[in-house]
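In: Here is the input, now give the coordinates:
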Amino acid sequence: MLETGKTDLGATWPNGRMIGVDGGYATIPFYESFGNDYLARQAEIESNARSYPRKLPIALRRGRGVVVEDTDGRDYIDCLAGAGALALGHNHPIVVEAIREALAQEPVLQTLDLPTPLKDRFTRELFDSLPEAFAKDYKIQFCGPSGADAIEAAFKLVKTATGRRGLLSFGGAYHGMTHATLGVTGEPAPRRAISGLGGEVQFLPFPSDYRCPFGVGGAAGAKIGADYIEFLLDDPNSGVLPPAAMILEPVQGEGGVVPAPDAWLWRIREITRARGIPLILDEVQTGLGRTGRLYAFEHAGVTPDVVVLSKAVGGGLPLSVVVYHRDLDQWKPGAHAGTFRGNQLAFATGAATIRHVVAEGLAEHAERMGLRLMRGLEAIAADFPCIGDVRGRGLMVGAEVVEAGGGSVGAPPASPELARRIQHECLRRGLILELGGRFGAVVRFLPPLVVAPEEIDAILERFQTAVSAVRGEATRRLEPAAAAL
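Out: Numbers count the residues shown, from 1 in each chain. Modelled structure (predicted):
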């Protein structure tokens, strides 16, 4: 049971009868004893498009901090955190108090794009958290509840300003599940059944040390990729028309937690600026401290033309915005709209969260805790060759699961089946994790920014025992990773 200031780090998941589930997750066990009534009713009435309950068959009742409790009273460390939306974890006092204070003002809860004190305060907190240049040179568009809606708005913005149609995106990218955002998303599964996605989109190679598209890796591989992009844009016979914009994630999240090298991102900024191509940075998941800086583009010291923000900046409530250079502000009134772009409670929780993240140095804390987590995962990988690569930035970390010893050229083949088994062994031990990357073989760690050192160590212990159980090997005692951090 959850109690104030207490985490049940010894929670376990008793064995239950396992049956197959539908929708492409037939290899994922369904534990009948876990929230079965809720899951059964959900399966009966909800869309076949639902996804998380198929892989994480639990029904959640409440949460506090980094811990959630299911309807059977079992506790789990939450390394999913609403796909990164819960920067301060579950029911943080700062967020709860912001909601109470806002409601005490008897606000009009939805105001479209009319100004309000809560909206004004959120805008000021957001711009104060951004680099100084943004305060005088950038404007903001409030969008609908999701990051995908803001990505769509960004596309409208740049196409209007440039008069061009095409977009440049990257292999491994994830920008949303709407029609246009799927068009710039690299994952093939949700795209196969949908025609006419996104119009003219040119996919480009994203740098990766572990799975370099050129088989080189490191700085050399990143340089080849940047050289190729520059050549493609300058070659009159490349078949690529001058684009309306380039969009990329400073760290590819759903694509397998692949950070863009700083030098490469700096070079990309130079290439796009020299050719008058607006650079859109999708910081929906990386924004507000997740990577060890308030905004991930700060690692490379670049200034994008457009930044898309959602998830954490709403303090856990639905909110998305586009922040863009005022030179691009050429669209007409009503060019982008949405009923719920005036969510007053989200403005309140967002402003409070931004203020708390900045005041408490949670970006720096995320950098320290991320290093502790990565060092621990690297120690586990040294004992278990099925963990082929550990990578990430701040508290956005991935561990790629591979066929141990497989492959003669480059990285070993990914092992999605083994990754799914590890995910479910983790769930049995009270640890919620998501998968991503090519073939869904990257175990993703995305805990709230407030995670404590002892909670990082508990995450590592549970993950290690889960990998050991899957591999059928004895567990070596894992020393606390970088205990001085």
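In: for this structure, what spans make up the helices?
Out: Assigned by DSSP state H, the helices in the chain fall at 36-45, 52-55, 93-104, 117-129, 132-137, 147-162, 179-183, 218-234, 262-274, 344-359, 362-383, 416-428, 453-471.
In: Indicate which one of the ones you listed is closest to residue 393.
Out: Closest to residue 393 of the helices of the chain, according to Cβ to Cβ: helix 362-383, at 6.8 Å. (Each C-beta comes from the backbone N, C-alpha and C, glycine too.)
In: Which positions in that closest one come out as buried?
Out: 362-363, 365-377, 379-381, 383 (16 or more other Cβ atoms under 10 Å).
In: show me the contacts for residue 129.
Out: For residue 129, the contacting residues are 288, 294, 354, 357, 358, by Cβ atoms under 8 Å, 6 or more residues apart in numbering.
In: Not counting its neighbours along the chain, what's nearest the third one?
Out: If the residues on either side of it in the chain are set aside, residue 354 comes closest to residue 125, at 4.5 Å by Cβ to Cβ, 6 or more residues apart in numbering.
In: give me the number of residues near the one you found?
Out: 19 (other Cβ atoms under 10 Å).
In: Show the contacting residues for it.
Out: Here residue 125 is in contact with 350, 351, 354, 355 (Cβ under 8 Å, 6+ apart).
In: Just among the residues you listed, which is most surrounded?
Out: residue 350 (30 neighbours).
In: what about residue 271, how many neighbours?
Out: Neighbour tally, residue 271, other Cβ under 10 Å: 18.
In: begin at 38 from here
Out: Noted, 38 is the first residue going forward, which turns the last one into residue 308.
In: ok, it to residue 299 distance?
Out: To residue 299, residue 308 is 15 Å away according to Cβ to Cβ, to the nearest Å.
In: Repeat that for residue 487.
Out: In terms of Cβ to Cβ, residue 487 sits 27 Å off from residue 299.
In: same question, residue 102
Out: Relative to residue 299, and taking Cβ to Cβ, residue 102 is found at 32 Å.
In: Comparing the two, which shows the higher neighbour count?
Out: Applying other Cβ under 10 Å to residue 102 and residue 299 shows that residue 102 carries more neighbours, namely 23 against 15.
In: so the more buried one sits right up against residue 123, yeah?
Out: No. In terms of Cβ atoms under 8 Å, residue 102 does not count as a neighbour of residue 123; the distance is 9.9 Å.
In: any shared contact partners between these two?
Out: With Cβ under 8 Å, 6+ apart, residue 102 and residue 123 have common neighbours residue 485.
In: For residue 424, give me its contacts.
Out: Residue 424 sits in contact with 414, 417, 418, 436, 437, 438, 439, 504, where contact means Cβ under 8 Å, 6+ apart.
In: Next, format those residues as JSON lines and append pLDDT and distance to residue 369.
Out: Below are these laid out as JSON lines (pLDDT from 0 to 100; distance: Cβ to Cβ, whole Å):
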{"residue": "414", "pLDDT": "98", "distance to residue 369": "50"}
{"residue": "417", "pLDDT": "98", "distance to residue 369": "55"}
{"residue": "418", "pLDDT": "97", "distance to residue 369": "53"}
{"residue": "436", "pLDDT": "98", "distance to residue 369": "47"}
{"residue": "437", "pLDDT": "98", "distance to residue 369": "46"}
{"residue": "438", "pLDDT": "98", "distance to residue 369": "49"}
{"residue": "439", "pLDDT": "97", "distance to residue 369": "51"}
{"residue": "504", "pLDDT": "97", "distance to residue 369": "55"}
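In: ok, so of the residues you listed, who is nearest residue 84?
Out: Using Cβ to Cβ, the contacts of residue 424 come closest to residue 84 at residue 438, 29.1 Å.
In: so what's that closest one bridging to?
Out: Taking DSSP bridges as the rule, residue 438 bridges to residue 424.
In: distance of it from residue 266?
Out: The value you get for residue 438 to residue 266, if Cβ to Cβ is used, is 30 Å.
In: could you list every residue that touches residue 283?
Out: 204, 205, 206, 305, 309, 314, 315, 316, 317.
In: Thanks a lot, see you next time.
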